[in-house]
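Participant: sequence and predicted structure below; questions after.
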Amino acid sequence: MKTKYQTYLDSTVVLISALMFLVVVSNQNMPSTVFYVLCALSLVIWGSNRKNIQNDPAACSNQYKTLFILCSVNLLAVLVSKIAHQHLSGSEIEKALRFSVGLPLLVLGMKYIPVDKLKHCLWGVYAAVLYAFAYIFYLSWPTFLRPETTDVYNAVSYGVITLLLSCITLYSMGVPLTSKPRLEKTAKIIIGLLGMAGFMLTQTRTGLVAFPLFLLLGILLAWKDKSRVKIVAGYLVSLAVVFALLFSMPMVQNRVEEAKNEFLHCVQVDPIATTSICIRLQLWNSAIDIWKRNPLTGTGSNGQYQEELKTHALAKGLVSEYTANDFGEPHNDYLQVLSSFGLLGELGLLFLYFAPAWIFVKRLIQSNQVAIRSFAAMGAAVCIGFAIYGMTELMFRGMRTLSFYTFMVAVFLLLSA
């Protein structure tokens, strides 16, 4: 039986968790502060449950021990690289600590919050989707051209986070939070579709690449009892219908056609053209070139990338002068880590995505409980979605996004347990 103090602590963490979703899309530099507050409160909750820990050995089970070990490779890679290059200071260590230490810390305390209470943090998701839609609509009005870059995010990052939260909203239809589940389900469908409309207004191609994943997770969630043949057939038909609808929209057609023309021009005519796709290719080639010169430990710092562009890539003709002077990262999480921290860093990033993703996918497929499968779908969407987003955008550019990712992984691990 929980004391009033413990109940108050639990409610406070759930409220702050709901706020975490909202502040991430608010373009304020608050997620880092909220993340640290949640970590501190998790320690307090853990301490207040010491008696429960002693009386119930199962409460201290090490079911996530392997996950935490795999996720610590990220921190190990950063430390090894920085020691090798004597770059011991830097935000990269703190960023690695936020995931490798922050994830077990959040799980350590928040696992004592009852699931029926913790799930109410989803109210923050719905508020965040509505806010994001309103904000994107405001930026697009009245021309509905692609909105300008925001103060904290560019249009790509903001758009794909909006899409992810919209899918989480739709996956939550099987998790009632009120006494009126039918009305609630209708509201969730409306909110989810509004969020997707906001995503479409950002005209972000990266989100379209991840859309087949989100559709697959939705079908696996909805069709638990269907045969594999029906699931595959239904998925392919749904995918065809969705993309037929998407490509019937002029804005989607124009963005895809633009990408194709820019790619062909860059490959066949001018490899250092100043276009969106060609600049990405220049940055990717430069990152690979940097890694080839430092295969094991990288350069030891993300900040070294731009210096390498100016001193080596520009001289080799891999980038234009505009690209060398105006871009300080490769627009790709995999290549950023590879060039900065080498092969061990790349392994750490893969564990960061796919170690928790494996747990979520297994729960989604194996569990017979709708709530567990719903939360597992949300967690899988977060992990694999970020893995896809990271191919064409630097999602972990700042600490706020990594903090948000860590927070979501911890929450959905606990909710889907």
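Facilitator: Received the coordinates, thanks. Residues are numbered from 1 along each chain as shown.
Participant: burial of the nearest residue to residue 146 once chain neighbours are set aside, as a residue count?
Facilitator: Leaving out its chain neighbours, the residue that sits closest to residue 146 by C-beta to C-beta, 6 or more residues apart in numbering is residue 203, at 4.5 Å. Using the backbone N, CA and C atoms, a C-beta is placed for each residue, glycine as well. Using other C-beta atoms under 10 Å, residue 203 is surrounded by 22 other residues.
Participant: surely residue 203 is in contact with residue 251?
Facilitator: Yes. At 5.7 Å, residue 203 counts as touching residue 251 under the criterion of C-beta atoms under 8 Å.
Participant: so residue 41 is in contact with residue 106, correct?
Facilitator: No. The criterion here is C-beta under 8 Å, and residue 41 misses it with residue 106 at 9.5 Å.
Participant: which of these two has more neighbours?
Facilitator: Per other C-beta under 10 Å, whichever of residue 41 and residue 106 has more neighbours is residue 106, with 25 against 19.
Participant: where does pLDDT dip in the stretch 151-300 of the chain?
Facilitator: Within the stretch 151-300 of the chain, the set of residues satisfying pLDDT under 70 comprises 151-153.
Participant: what about the helices in it?
Facilitator: Along the stretch 151-300 of the chain, counting by DSSP state H, counting those that start in this stretch, helices occupy 155-171, 181-202, 205-222, 228-246, 250-268, 276-293.
Participant: nearest to residue 391, of those?
Facilitator: Across the helices of the stretch 151-300 of the chain, residue 391 has its closest neighbour in helix 205-222 (7.4 Å, C-beta to C-beta).
Participant: can you tell me how far residue 7 is from residue 37?
Facilitator: Counting by C-beta to C-beta, to the nearest Å, the separation of residue 7 from residue 37 is 19 Å.
Participant: remind me, longest helix of the protein?
Facilitator: Counting residues, the longest helix found in the chain (DSSP state H) is helix 333-366.
Participant: so which bits of it are buried?
Facilitator: Residues of helix 333-366 classed as buried: 333-342, 344-353, 355-357, 359-361, 363-364 (neighbour count, 16 or more other C-beta atoms under 10 Å).
Participant: give me the mean pLDDT for that helix.
Facilitator: The pLDDT scores in helix 333-366 average 95.
Participant: roughly how far is that helix from the heart of the chain?
Facilitator: Relative to its parent chain, helix 333-366 has a centroid offset of 12 Å by C-alpha atoms, centre = their mean, to the nearest Å.
Participant: and the strands in the stretch 1-150 of the chain, which stretches?
Facilitator: Counting by DSSP state E, counting those that start in this stretch, the stretch 1-150 of the chain has no strands at all.
Participant: give me every residue that touches the residue nearest to residue 97 when sequence neighbours are not counted.
Facilitator: Spatial nearest neighbour of residue 97, chain neighbours left out: residue 75 (6.3 Å); criterion: C-beta to C-beta, 6+ apart. Residue 75 sits next to 93, 96, 97, 99, 100, 101, 348 when contact means C-beta atoms under 8 Å, 6 or more residues apart in numbering.
Participant: how far away is residue 65 from residue 168?
Facilitator: Distance of residue 65 to residue 168, computed by C-beta to C-beta: 27 Å.
Participant: then residue 216?
Facilitator: For residue 216, the distance to residue 168 - C-beta to C-beta - is 15 Å.
Participant: ok, residue 358 next?
Facilitator: For residue 358, the distance to residue 168 - C-beta to C-beta - is 19 Å.
Participant: same check on residue 291?
Facilitator: 34 Å.
Participant: between these two, which one's more packed in?
Facilitator: With neighbours defined as other C-beta under 10 Å, residue 291 and residue 168 compare such that residue 168 has more, 29 against 22.
Participant: pretty sure the more buried one contacts residue 378?
Facilitator: Yes. In terms of C-beta under 8 Å, residue 168 counts as a neighbour of residue 378; the distance is 4.8 Å.
Participant: what strand or helix carries residue 401?
Facilitator: helix 399-415 (DSSP states H and E).
Participant: any buried residues in that helix, and which?
Facilitator: Quick answer for helix 399-415 (16+ other C-beta under 10 Å): 399-415.
Participant: also stretch 311-329?
Facilitator: For stretch 311-329, the buried set under the neighbour-count rule, 16+ other C-beta under 10 Å, comprises 312, 313, 314, 318, 319, 320, 323, 324, 327, 328, 329.
Participant: next one: stretch 188-204
Facilitator: In stretch 188-204, counting by 16+ other C-beta under 10 Å, buried: 188, 191-192, 194-196, 198-204.
Participant: same thing with stretch 107-123?
Facilitator: The neighbour-count check on stretch 107-123 (16+ other C-beta under 10 Å) flags 107, 108, 109, 110, 111, 112, 113, 118, 119, 121, 122, 123 as buried.
Participant: go on, stretch 84-98?
Facilitator: Going by neighbour count (16+ other C-beta under 10 Å), the buried part of stretch 84-98 is 85, 87, 92, 95, 96, 98.
Participant: now do the same end-to-end measure for that stretch.
Facilitator: Chord length of stretch 84-98, first to last residue, is 22 Å (C-alpha to C-alpha, to the nearest Å).
Participant: what about it, average pLDDT?
Facilitator: Average pLDDT, stretch 84-98: 86.
Participant: give the closest residue to residue 122 in space, chain neighbours not counted.
Facilitator: Here the residue nearest residue 122, using C-beta to C-beta, 6+ apart, is residue 172, at 5.6 Å.
Participant: the one you found: what's it in contact with?
Facilitator: With C-beta under 8 Å, 6+ apart, residue 172 has these contacts: 122, 125, 188, 374, 378.
Participant: list just the nearest of those residues to residue 388.
Facilitator: Taking those together and measuring to residue 388 by C-beta to C-beta, the closest member is residue 378, at 15.7 Å.
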